[in-house]
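# Okay, sequence plus prediction incoming.
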Amino acid sequence: MTTPQASDGLRPHCTIVPPYLLGKLAQLDDPRFEKAAAAAQQSLLLDAHLRQRRLEDHPLSRFDARPPRAHTPGESNRTISDAGGQEHLPGEVVRTEGQPDADDTTVNEAYAGLGDTQTLFWTQFGRDSIDGAGLPLNATVHYGKKYDNAFWDGKRMVFGDGDGEIFNRFTISASMIGHELAHGVTQFTANLDYQGQSGALNESLSDVFGALVEQLAAGQSTAQASWLIGEGLFTDQVEGLALRSMKAPGTAYDDDVLGKDPQPSSMADYVETDDDNGGVHLNSGIPNRAFYLVAEALGGNAWVSPGRIWYETLTGRGLDRQSDFAAFAQATATTAARLYGTDSAAHEAVVRAWTSVGVLPAENNQPH
Amino acid sequence: MKVIVSRSGGMAGIRLTWEVRVEEQPDPKSWAEFLNSLPWDDVTDSEADVDRFAYRIRCAPHEVVLAEPQVCGPWRDLVDRVRAANGM
């Protein structure tokens, strides 16, 4: 067992009972050991920050005698940390995989959202976590003071609490949690450049999978779903339902302070701008609308055929980092044909959807 | 003298703009000195980060664009002061 070096006034702190044994005790279901289980859970929580600090100071090397815990494919491995209103990551660990609900709603929402995202990608697409290899899912909540944003930093998700005037806490919506994690999936697969049309695709893919995370968790069909991204994020002071609408881009909000939702729903209204990396959050409305149209045409649950087509396009070989809308549209049509046949309803729906939003020319509006 | 801070991007993709007219502030001299002391010519290009904010800051004749991680030190002070002056 390694010993942390004294630093910042901390004395070395060694423990006797190893964490894997505490973990077993913490999960005991036998009423005879109720107190022992509770004590183990408490110990794990109290020691968690020390163990994390130790791991960061002394990363496991190839000489580590203890083999890593075997990972069961599809099983999530979540850690939620609390930044305590500061901007230093990762923060203090407050909940790990299998632990019961914390007193903090934000912590529990992040934990649930990570799990729902794992569930979508594993049960529907056979993908084990966002890297396909069981990457532990880590999130930090309470980042900054009144920080009105959430983001994927390449390794973890980070959530602010919102300013309380325009934005609520950013863990409030499962679609947003799924959105952020999906950026990680894109990072590990097509890695679309975050600029212009490729960036808008990057954003749209996150909205697509974010929406599917929420719909699957709620058991909502295409017809039942709201197709809103970030529902509940705005406070009551804002005239708006959500950040974005995939079903009807441009209708999510219309507010005195924020203005009107500027998303276009077709290429006719494509936004040319230098802001927002070339409008990645604006023009994502166009591929978002296309995905919704495919789901609407096919009916049922959107994570089945539409989700599969989009997932296999993202993870297939038809894209590169700079793929634009037209290239992505062609790739989805090719994927649909491969999966379901060129004469299938799925292939026809994909072609019609992209034609409808103006990405594919009208003469493509015949299945082939 | 006027300084305009425009923030775009973020997960919401919503653009917000805050403005301060220095002459209308209770401490215009302090504001002017602060604005003139900012490292306007030292800003370097940086890559866009996913769902992070981008800040466009204008104070004639200067204009810079900063990625969120670059908004630290005096730039962070500026953004915080401009937002505070706008009641945020």
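That came through, no problem.
# The residue nearest to residue A:125 when sequence neighbours are not counted is in what secondary structure piece?
What sits nearest to residue A:125 in space, not counting adjacent residues and going by CB to CB, 6 or more residues apart in numbering or on different chains, is residue A:311, at 4.7 Å. C-beta coordinates here come from the backbone N, C-alpha and C atoms, glycine included. With elements taken from DSSP states H and E, the one containing residue A:311 is helix A:305-315.
# what do you get for residue A:354?
When elements are assigned from DSSP H and E, residue A:354 belongs to helix A:345-356.
# now do residue A:303
With the criterion set as DSSP H and E, no secondary-structure element contains residue A:303; it sits in neither a helix nor a strand.
# and the nearest residue to it once chain neighbours are set aside, which of the three is it?
Distances taken as CB to CB, 6+ apart put residue A:212 closest to residue A:303, at 4.5 Å, once the chain neighbours are dropped. For residue A:212, the reduced secondary structure class is helix; criterion used: DSSP: H, G, I helix; E, B strand; the rest coil.
# okay, now residue A:212: neighbour count?
Other residues within reach of residue A:212 by the criterion other CB atoms under 10 Å in any protein chain shown amount to 31.
# So it is in contact with residue A:302, correct?
Yes. Residue A:212 lies in contact with residue A:302 (CB atoms under 8 Å); the separation is 6.1 Å.
# need the helices for the chain, in chain order.
Answering for chain A, as no chain was given. With helices called from DSSP state H, chain A shows them at A:19-26, A:34-57, A:105-125, A:174-188, A:196-218, A:276-279, A:285-298, A:305-315, A:325-340, A:345-356.
# Wait, chain B was what I had in mind.
Taking DSSP H as the test, the helices found in chain B are B:28-37, B:74-85.
# To residue A:73, which of these lies closest?
Closest of the helices of chain B to residue A:73 is helix B:74-85, at 43.5 Å (criterion: CB to CB).
# what's the distance between the closest one and the middle of its chain?
Centroid displacement of helix B:74-85 relative to its chain, using CA atoms, centre = their mean, to the nearest Å, is 7 Å.
# what comes into contact with it?
Contact with helix B:74-85 is made by B:3, B:5, B:7, B:18-20, B:25, B:34-35, B:37-39, B:55, B:57, B:66, B:71, as judged by CB atoms under 8 Å, 6 or more residues apart in numbering or on different chains.
# just the angle between the helix holding residue A:311 and helix A:325-340, please?
Going by axes from the mean of the first three to the mean of the last three CA atoms, to 10 degrees, helix A:305-315 is angled at 120 degrees with respect to helix A:325-340.
# who does helix A:305-315 touch, helix- and strand-wise?
With contacts defined as 3 or more CB pairs under 8 Å, 6 or more residues apart in numbering or on different chains; DSSP states H and E, helix A:305-315 has these neighbours: helix A:105-125, helix A:196-218, helix A:285-298, helix A:325-340, helix A:345-356.
# change it to 10 Å
The criterion is 3 or more CB pairs under 10 Å, 6 or more residues apart in numbering or on different chains; DSSP states H and E, and the helices and strands that helix A:305-315 contacts are helix A:105-125, helix A:174-188, helix A:196-218, helix A:285-298, helix A:325-340, helix A:345-356.
# Tell me which of those sits nearest to residue A:234.
Minimum separation from residue A:234 across the helices and strands packed on helix A:305-315 (CB to CB) falls at helix A:174-188, 12.0 Å.
# in the chain, which ranges drop under the pLDDT threshold?
All of this is about chain A. Per-residue confidence of chain A (counting by pLDDT under 70) places the weak regions at A:1-69, A:363-368.
# Switch to chain B, please.
For chain B, the stretches flagged by pLDDT under 70 are B:47-48.
# From the geometric centre of it, which residue sits farthest away?
Among residues of chain B, the one most distant from the C-alpha centroid is residue B:50; the distance is 20.1 Å, by CA atoms, centre = their mean.
# tally of neighbours for the residue lying closest to that residue once chain neighbours are set aside?
Once flanking residues are discounted, residue B:50 sits nearest to residue A:183: 5.1 Å by CB to CB, 6+ apart. When counting by other CB under 10 Å, one arrives at 26 neighbours for residue A:183.
# swap in residue A:151?
The tally of other residues near residue A:151 (other CB under 10 Å) stands at 24.
# Can you report phi and psi for the nearest residue to it once chain neighbours are set aside?
Beyond its immediate neighbours in the sequence, the residue positioned closest to residue A:151 (CB to CB, 6+ apart) is residue B:51, lying 4.1 Å away. Summarising the backbone geometry of residue B:51 under the convention degrees, to the nearest 10, its torsions are phi 60, psi 20.
# Around chain A, pick out the residues from chain B.
When proximity is defined as CB under 10 Å from any CB of the partner chain, chain B approaches chain A at B:6-16, B:47-54, B:56, B:65, B:67-69, B:72, B:83, B:87-88.
# which residues touch residue 87?
With no chain named, the answer covers chain A. Taking CB atoms under 10 Å, 6 or more residues apart in numbering or on different chains as the definition of contact, the neighbours of residue A:87 are A:140, A:143, A:144, A:145, A:147, A:158, A:160, B:72.
# not quite, I wanted chain B
For residue B:87, the contacting residues are A:165, B:18, by CB under 10 Å, 6+ apart.
# again, but for residue A:309
Listed by CB under 10 Å, 6+ apart, the contact set of residue A:309 reads A:291, A:294, A:298, A:331-340, A:346-347, A:349-350.
# Buried only: go through the residues you listed for me.
In terms of neighbour count (16 or more other CB atoms under 10 Å in any protein chain shown), the buried residues within the contacts of residue A:309 are A:291, A:294, A:298, A:331-337, A:340, A:346-347, A:349-350.
# can you list the domain ranges for chain A.
A:19-57, A:78-172, A:196-364 (automatic domain parsing).
# Around chain B, pick out the residues from the stretch 201-350 of chain A.
For the stretch 201-350 of chain A, the residues found near chain B under the criterion CB under 10 Å from any CB are A:202-203, A:206, A:229-230, A:233-234, A:242-244, A:253, A:255, A:257-259, A:261-263, A:273-282, A:284-285.
# mind redoing it with 8 Å?
Applying the criterion CB under 8 Å from any CB of the partner chain, the portion of the stretch 201-350 of chain A that neighbours chain B consists of A:202-203, A:230, A:233, A:243-244, A:258, A:275-277, A:280-282.
# For chain B, which residue gets nearest to chain A?
Ranked by CB to the nearest CB, the top residue of chain B for proximity to chain A is residue B:13, at 2.3 Å.
# distance of that residue from residue A:101?
Taking CB to CB, to the nearest Å as the measure, residue B:13 and residue A:101 are separated by 32 Å.
# same check, this time on residue A:288
Look at residue A:288 and residue A:101: by CB to CB, they are 33 Å apart.
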